[in-house]
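# Test case, fold it:
(2 chains)
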Amino acid sequence: MALPLAQEIIFGLVIGSYIALGAIGFTLVYGLVNMINFAHGEFVTIGAYVGFLSIQIAGLPLPVALVVTFFGTAVIGWAIARVTFEPMNDAGAVPLLLMSIGLGLVLRNLIRLVAGAGGRDVQVGVATYRFEDLGFFVTSQQLFIVGVTLLVVLVLHLFLSRTMLGIAMRATAGNEDLALVSGIDTRRVRNVVWLAAAGLAGVAGILLAVAQEASATVGFGQLLLMITAAILGGAGSPYGAVAGSYLLGIGIAVSVAFLPAGVTAFGSTMAFVVLILVLLVRPGGLVNAEVRTT
Amino acid sequence: MHGNDPHSDRRTRTNRRTFLKLTGTGALATAGLAGCVGTEDGDGGDGGDGGDGGSDGGDGGTATPTEDESMDGEDGGATETPTGPDSVLVGQPAAVTGQWDFLQPAVSQSADLAVQEINDAGGPLDADLELKRRDTAVDPQQAREVVRQFVNNDGAVAINGLFSSEITPLWDFLQEQSMPVVTPWPGTRFLDTRGGDKGTAGDTGDDEWVWRTVIGDTVHTAGAAQAMVDNDFMTMGVFNGTGAGETGYADAFVDAYENLGGTVAQRVEVPEGESSYQSQLDRLFDADFDAWVLALALEDATTAIQNWSQGGYGRQLMMEDGLMSPDLIDAVGEAAEGAWIAAGSTQGPNYGSFESKFNEAGDADIHTWGVASYDATNVLALAIHRAGETSPEAIEQNVGPVAREGGTTVSTFAEGKEALDNGEEINYEGAVTNVDFTQHGNVWGDVAVSQVTPDGFEEQFSIGADTLQENIEQY
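Here you go, the predicted structure:
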């Protein structure tokens, strides 16, 4: 007997996984650095190209390339933030926002200039498992993407809850001044946040490169969904971002299945309908906790 | 040279563009900057505008051809100019950057090859043909500024380029310029009933100034539809993006397919840039059909094809012509194996001789638009030579006559120039089509259906232009 909506939910989990990996980093930066980073999509793009180089040029197997991409993108992202955002850390949210918009544009075109206009394909073998009786199929690539995301969420949870650095991050997110007078090195915390945010964006990038291809706009194309997921979950909350991402992903996949055939292009629009409805009911997002208010 | 008298009787028909050219290029000549400035004994000022209805406007210009002296498209092939310009500039709006920049190298290589051949043969009007390339990034606003620069600052006498997505929004602007545009790019159905000289070569009053040397979407979608019907695929699904190009292709295909008796069982439109198209494909393949057509930009198409292959949906795939790229093979050559793609045949009457020269000229990957660029450049040069002067109006009047049927068949500028100098009419036959312009400035060509293999595209069969013409009313 076919399971109703099983196929749509699988598709939705995959879409949600891409979004989640990017949204976690975005919301961490929002919560701890107090800025909306519109250049976050370019961190995803950098990850896609690091992944391409790791797999296609260096010949690394995908799991190893994933680790290399995480650390590689983390360092690149951190270095970019050190040069651009950190010097204006006290300038306030609006200058940082404008800087991120400009930086995103510059990075996007710089990547296009260096890497070329065409996409770079990342070849990975894919097996398809069919469950005809249950009415769905799933591919090894889909399982890998969802599995990696869930692993990342688990590691992040352990990091935030079981390590001193993670606890310091949560304290800084709650009240930076109080954290500072408590002896927490908030500068170090910000460095770790940039490393983690860029690294996770890199993981999203390599997974997108495998599923699509590495191109100059692959990350930018996901940015709006990442921001939406972060707001939906409760800006600043990584757990909320994960929940928001999967809600969006499943919402998009299910809406495509049920919308009239002529308007299936509005599937992604349904994500924003979900966002509006949730915010009307819970202005603080799913977790109902806006971490930063200034 | 540049002290134009604003009250001169000769300028009564000078329009705004001519005024700007005269004043602008006069200043440029002083600064020694212009690449298209007339000589003192030449056309009197703008270098590219020898006649313009007799409104050349140079204050001391001599031997300026008048309308009577210039060839108006109806009379013979004499091209002798008492004193011609040293150089003639043609502007080429180009996709040097932007999402279509991967197509530009072949177009540039072909155009440069043609210019080299033209100048080796002595050039139009025995002047050097210069091709000035400016980047539009396929952005309509940038394209508008580029055309303005060509017309007002550079003294270009014609335009060799512009994409569908630039021509459509800039249509009125282009008409205002009254400058011939011969372009290898646009497939849009917008041009099916717009452009050309309406079959009246000697009268620019009804001209719409835009000509294309590549076959339009209407033709190759009709070819794709014909191919499906001929192979008994009578029910189809349609999967297309929401961009203007993708919806335009899908609409044209559906119209042609249904006209041939086919039925579209399901049509799914998808946004660009999705990380996965599995949901949308699942929706499409809920319906019962024999084959499906895919109209998406390359990056999204590779994602969709990967998803289609992994989902095991099967059924014959027909892809839009824009996907005929080596990049598609690199990305999904195996996943898409067996799929069809219908595109305007690159192989026109003189493709063989062109191909070897093209390969020697550089390492760009050849494609339809690249071949059509060679034809566009040659047609413009021949039109200039036949016009006997370099005013846009005179060139416009001669675009049709050098390429339409009748007269000595030529395949290069050198052959055409020789025939024109001998007083013969000519019929330029191109590398990609025979360039017999319709009244709307369009060309017909065969549609080749190729099959995707892991190593490339293998042509399976072709649909002749004659067959397609039977089912297309206006073009």
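# Mind giving me the packing neighbours of the helix or strand where A:G102 lies?
Secondary structure assigned from DSSP states H and E places A:G102 in helix A:93-115. The contact analysis (3 or more Cβ pairs under 8 Å, 6 or more residues apart in numbering or on different chains; DSSP states H and E) places helix A:93-115 against helix A:40-52, helix A:62-84. For glycine as for every other residue, the C-beta is placed from the backbone atoms N, C-alpha and C.
# Just the CA atoms of that helix, as CSV, please.
Once non-C-alpha atoms are left out, helix A:93-115 reads as follows in CSV (Å, rounded to 0.1, in the frame of the first residue of the first chain):
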residue,chain,number,x,y,z
ALA,A,93,23.6,46.9,12.0
VAL,A,94,22.8,49.0,9.0
PRO,A,95,26.4,49.7,7.8
LEU,A,96,27.1,46.1,8.2
LEU,A,97,24.1,45.2,6.2
LEU,A,98,25.1,47.5,3.4
MET,A,99,28.6,46.2,3.5
SER,A,100,27.3,42.6,3.2
ILE,A,101,25.2,43.5,0.2
GLY,A,102,28.2,45.1,-1.5
LEU,A,103,30.5,42.4,-0.5
GLY,A,104,28.1,39.8,-1.9
LEU,A,105,28.0,41.5,-5.3
VAL,A,106,31.7,41.8,-5.4
LEU,A,107,32.3,38.2,-4.4
ARG,A,108,29.7,36.9,-6.9
ASN,A,109,31.3,38.7,-9.8
LEU,A,110,34.8,37.9,-8.6
ILE,A,111,34.0,34.2,-8.5
ARG,A,112,32.5,34.5,-12.0
LEU,A,113,35.6,36.2,-13.2
VAL,A,114,37.9,33.6,-11.8
ALA,A,115,35.9,30.5,-12.2
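# ok, so what distance separates the closest residue to A:G240 other than its chain neighbours from B:Y313?
Spatial nearest neighbour of A:G240, chain neighbours left out: A:G233 (2.8 Å); criterion: Cβ to Cβ, 6 or more residues apart in numbering or on different chains. Computed as Cβ to Cβ, to the nearest Å, the A:G233 to B:Y313 distance reads 34 Å.
# ok, back up a step: ok, and what's touching the helix holding A:G102?
Residues from elsewhere that reach helix A:93-115 (Cβ atoms under 8 Å, 6 or more residues apart in numbering or on different chains): A:33-42, A:45-46, A:49, A:80, A:84-85, A:88-89, A:214, A:216-217, A:220, A:294, B:97.
# which of the residues in it are buried?
A:L96, A:M99, A:S100, A:L103, A:G104, A:L107, A:R108, A:I111, A:R112, A:A115 (16 or more other Cβ atoms under 10 Å in any protein chain shown).
# OK, contacts around the residue positioned nearest the centre of chain A?
Against the mean C-alpha coordinate of chain A, by Cα atoms, centre = their mean, the closest residue is A:G22 at 0.6 Å. Residues near A:G22 by Cβ under 8 Å, 6+ apart: A:H40, A:G41, A:V44, A:L200, A:A201, A:A204, A:G219, A:Q222, A:L223, A:M226.
# neighbours of the second one, just the number please.
So that's A:G41. 28 (other Cβ atoms under 10 Å in any protein chain shown).
# got the contact list for it?
Each residue near A:G41 by Cβ under 8 Å, 6+ apart is listed here: A:G22, A:G104, A:G219, A:F220, A:G221, A:Q222, A:L223, A:M226.
# Looking at the stretch 51-200 of chain A, what residue ends up closest to chain B?
Nearest residue of the stretch 51-200 of chain A to chain B, counting by Cβ to the nearest Cβ: A:D121, 4.1 Å away.
# And that residue, its phi and psi?
The phi/psi pair for A:D121 (degrees, to the nearest 10) reads phi -80, psi 140.
# and the angle from the strand or helix carrying A:R187 to helix A:62-84?
Assessed by DSSP H and E, A:R187 sits inside helix A:186-211. With axes from the mean of the first three to the mean of the last three Cα atoms, to 10 degrees defining the directions, helix A:186-211 sits at 130 degrees from helix A:62-84.
# Which other helices and strands does the very next helix or strand once past helix A:186-211 contact?
As assigned by DSSP H and E, the chain's next helix or strand after helix A:186-211 is helix A:220-233. Secondary-structure packing of helix A:220-233 (3+ Cβ pairs under 8 Å, 6+ apart): helix A:6-33, helix A:40-52, helix A:238-258, helix A:269-281.
# returning to what we had before: settle it for me: which of A:G233 and B:Y313 has more neighbours?
Neighbour totals were compared for A:G233 and B:Y313, and A:G233 leads with 30 against 15 (other Cβ under 10 Å).
# Where do the strands of the stretch 201-350 of chain B begin and end?
Listed in chain order, the strands of the stretch 201-350 of chain B (DSSP state E, counting those that start in this stretch) span B:210-212, B:235-241, B:263-270, B:291-295, B:316-319, B:340-344.
# Would you mind writing the CA trace of the third one as CSV?
Put plainly, it is strand B:263-270. The C-alpha trace of strand B:263-270 is given here as CSV (Å, rounded to 0.1, in the frame of the first residue of the first chain):
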residue,chain,number,x,y,z
THR,B,263,-2.0,16.6,-27.5
VAL,B,264,-0.2,18.1,-24.5
ALA,B,265,-1.2,16.0,-21.6
GLN,B,266,0.5,18.0,-18.9
ARG,B,267,2.5,21.2,-18.7
VAL,B,268,4.5,22.1,-15.6
GLU,B,269,6.3,25.5,-15.3
VAL,B,270,9.1,25.7,-12.8
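# Residue of the stretch 101-250 of chain A closest to chain B, please.
Of all residues in the stretch 101-250 of chain A, A:G221 sits closest to chain B, at 3.7 Å by Cβ to the nearest Cβ.
# which residue packs closest to that residue, ignoring adjacent ones?
A:G221's closest residue in space is B:G273 (Cβ to Cβ, 6+ apart), at 3.7 Å.
# so what's that neighbour up against?
B:G273 sits next to A:T217, A:G221, B:E299, B:D300 when contact means Cβ under 8 Å, 6+ apart.
# I'd like to know how many residues surround the first one.
The reference is to A:T217. 19.
# can you pull the contacts of it?
So A:T217 contacts A:T45, A:R108, B:G273 (Cβ under 8 Å, 6+ apart).
# The same query, at a cut-off of 10 Å, please.
Contact analysis of A:T217 by Cβ atoms under 10 Å, 6 or more residues apart in numbering or on different chains lists A:G41, A:E42, A:T45, A:R108, A:I111, A:R112, A:G119, A:L223, B:Q99, B:E272, B:G273, B:E299.
# Just the CA trace of the helix or strand in which B:T377 is found, in PDB.
Per DSSP H and E: B:T377 is located in helix B:368-387. C-alpha atoms of helix B:368-387 as PDB (Å, rounded to 0.1, in the frame of the first residue of the first chain):
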ATOM      1  CA  THR B 368      24.600  28.000 -34.700                       C
ATOM      2  CA  TRP B 369      24.900  31.700 -33.500                       C
ATOM      3  CA  GLY B 370      28.600  31.600 -34.200                       C
ATOM      4  CA  VAL B 371      28.000  30.500 -37.800                       C
ATOM      5  CA  ALA B 372      25.200  33.100 -38.200                       C
ATOM      6  CA  SER B 373      27.600  35.800 -37.000                       C
ATOM      7  CA  TYR B 374      29.800  35.100 -40.100                       C
ATOM      8  CA  ASP B 375      26.800  35.600 -42.300                       C
ATOM      9  CA  ALA B 376      25.600  38.700 -40.600                       C
ATOM     10  CA  THR B 377      29.000  40.400 -41.000                       C
ATOM     11  CA  ASN B 378      29.300  39.400 -44.600                       C
ATOM     12  CA  VAL B 379      25.800  40.600 -45.400                       C
ATOM     13  CA  LEU B 380      26.400  44.000 -43.800                       C
ATOM     14  CA  ALA B 381      29.700  44.400 -45.700                       C
ATOM     15  CA  LEU B 382      28.100  43.500 -49.000                       C
ATOM     16  CA  ALA B 383      25.200  45.800 -48.300                       C
ATOM     17  CA  ILE B 384      27.600  48.700 -47.700                       C
ATOM     18  CA  HIS B 385      29.500  47.900 -50.900                       C
ATOM     19  CA  ARG B 386      26.300  47.700 -52.900                       C
ATOM     20  CA  ALA B 387      25.000  50.900 -51.400                       C
END
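# Nice, that's everything, thank you.
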